[in-house]
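Trainee: What would the 3D arrangement of this be:
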Amino acid sequence: MAALTSEKLFAILRECAGEEESVTSAENAVDMEFTELGYDSLALLETAARVSREYDVEIPEEDLSEVATPAGFLAVVNTLLKVA
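Mentor: Here you go, the predicted structure:
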């Protein structure tokens, strides 16, 4: 399966959080904390569930609980995709 990109991650985040506005640039926002971007823990859990379904990858809760930024989320998911 192809790697999860920052653009795809932000599209999923916006859909899961119910927001219509996009972050100015996904590339500029990947190192910002989710809370700074306006995403709470529920949005992150919903995003993780959707990514798990779409990419057929199981994201361990302990890994997810340590993720604070989109870059960290991408690293976890893309590492799991390489292993699968």
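Trainee: Could you name the specific helix or strand carrying residue 44?
Mentor: helix 41-55 (DSSP states H and E).
Trainee: oh sorry, the question was meant for residue 28
Mentor: Counting by DSSP H and E, residue 28 is part of helix 26-29.
Trainee: Could you export that helix as CSV, CA atoms only?
Mentor: Taking C-alpha atoms only, helix 26-29 is exported to CSV below (Å, rounded to 0.1, in the frame of the first residue of the first chain):
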residue,chain,number,x,y,z
ALA,A,26,-0.2,20.6,5.1
GLU,A,27,3.5,20.8,4.6
ASN,A,28,3.8,23.8,6.9
ALA,A,29,1.6,22.3,9.6
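Trainee: Please renumber the chain so that the first residue is 33 from this point on.
Mentor: Okay, residue one is now 33; in that scheme the one you just asked about reads as helix 58-61.
Trainee: what comes into contact with that helix?
Mentor: 38-39, 41-42, 55, 69, 102 (Cβ atoms under 8 Å, 6 or more residues apart in numbering). Bear in mind the C-beta positions are built from the backbone N, C-alpha and C, glycine included.
Trainee: so how far is that helix off the chain centroid?
Mentor: Centre-to-centre, helix 58-61 and its host chain are 12 Å apart (Cα atoms, centre = their mean, to the nearest Å).
Trainee: One more: stretch 98-114?
Mentor: How far stretch 98-114 lies from its chain's middle: 7 Å, per Cα atoms, centre = their mean.
Trainee: Kindly report the same for stretch 84-104.
Mentor: 7 Å.
Trainee: cool, stretch 79-92 as well?
Mentor: So, by Cα atoms, centre = their mean, the centroid of stretch 79-92 is 10 Å from its chain's centroid.
Trainee: how about it: buried residues?
Mentor: 79-80, 83, 87, 89, 91 (16 or more other Cβ atoms under 10 Å).
Trainee: got it, and stretch 93-100?
Mentor: Those would be 95-96, 99, for stretch 93-100 by 16+ other Cβ under 10 Å.
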